[in-house]
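Engineer: Sequence unavailable; structure follows:
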């Protein structure tokens, strides 16, 4: 058993279920601890502003980890992901309030790549506060 | 100041093995808010044919970023770390990272370019397991912003 989505049932343009991922300051502190990335721009507001940022920003790798969930929740087995790449275009700004930020991720099958390997390219779009935060965001996935 | 082009192609020695533990994978999956049971339940992972729990797709960055420190902090290269931002990130997987792996990273500089006064450096990390089999390659594009004109 591998992916729960069959190659034969998707077409270029097939949309994956979209998801929203809330991010609070607590999320960033937890991610800093788990990942070992303690750059103060992700938790220290005066420091972030001193280096020219509007406020504390999320780790780019947190956004990248969130975006691929649209793909891994769709296929079931994260091991079906063969390639995954993003460009960090804008930071996700995380205010210190009860709302934080919201990363919205949509995805669709961009192309069917190989009928033998049953691979597809999934194109992802991630936005926060109306801004595109990831560019060139693509995954290659092997389907069942 | 533009970085020295002669560093393109330079390869750094493989890192000491990083041992991937089930609890570290669980901690990371919780930190990214991902409840997929293949990260925490060995039986769920086995149902997909994995020998043990696997790690989320971006988990290898923990290991490859640390290894890339050899480049970022290489005094001969002279990158100004305070000006460096993460431009692009890409992973190419032979298989997912899993609990019990002992992973070593070989870091190489793939390219150095100058764009609008910024230095752009492509750092590759090839991750192999204890038997030398390829697991994943991480490609990281770092952008060193040009100093402001005074």
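Structural biologist: Right, received. Where do you want to start? Computed from a predicted model, the values in this text were never measured in an experiment. Numbers count the residues shown, from 1 in each chain, chains lettered A, B, ... in the order given.
Engineer: what's the neighbour count on residue 129?
Structural biologist: Defaulting to chain A. Around residue A:129 sit 13 other residues, with neighbours defined as other C-beta atoms under 10 Å in any protein chain shown. For glycine as for every other residue, the C-beta is placed from the backbone atoms N, C-alpha and C.
Engineer: try chain B instead
Structural biologist: Residue B:129 sits with 19 neighbouring residues when counted by other C-beta under 10 Å.
Engineer: those strands in chain B, which residues are they?
Structural biologist: For chain B, the strands identified by DSSP state E occupy B:18-19, B:84-93, B:102-115, B:118-128, B:134-144, in order along the chain.
Engineer: Residues in contact with the first one: which ones?
Structural biologist: Spelled out, that is strand B:18-19. Counting by C-beta atoms under 8 Å, 6 or more residues apart in numbering or on different chains, the neighbours of strand B:18-19 from elsewhere in the structure are B:63, B:66, B:100-105.
Engineer: and what of the fourth one?
Structural biologist: Contacting residues not belonging to strand B:118-128 are listed as B:2-3, B:14, B:60, B:63-64, B:67-68, B:71, B:79, B:87, B:97, B:103-114, B:134-146 [C-beta under 8 Å, 6+ apart].
Engineer: Mind checking which of the residues you listed are buried?
Structural biologist: B:3, B:60, B:63-64, B:67-68, B:71, B:79, B:87, B:97, B:103-107, B:109, B:112, B:135-144, B:146 (16 or more other C-beta atoms under 10 Å in any protein chain shown).
Engineer: Please list which of those residues are also close to chain A.
Structural biologist: B:87, B:139 (C-beta under 8 Å from any C-beta of the partner chain).
Engineer: So for residue 23, what's the pLDDT?
Structural biologist: Just going to use chain A. Listed pLDDT for residue A:23 reads 98.
Engineer: Can you look at chain B instead?
Structural biologist: pLDDT, residue B:23: 98.
Engineer: Neighbours of residue B:99, how many?
Structural biologist: Number of residues near residue B:99 (other C-beta under 10 Å) recorded here: 21.
Engineer: who's in contact with it?
Structural biologist: Residues in contact with residue B:99, defined by C-beta under 8 Å, 6+ apart, are B:20-22, B:25, B:42, B:52-55.
Engineer: Check residue B:142 too.
Structural biologist: Counting by C-beta under 8 Å, 6+ apart, residue B:142 makes contact with B:72, B:79, B:84-87, B:120-121, B:123.
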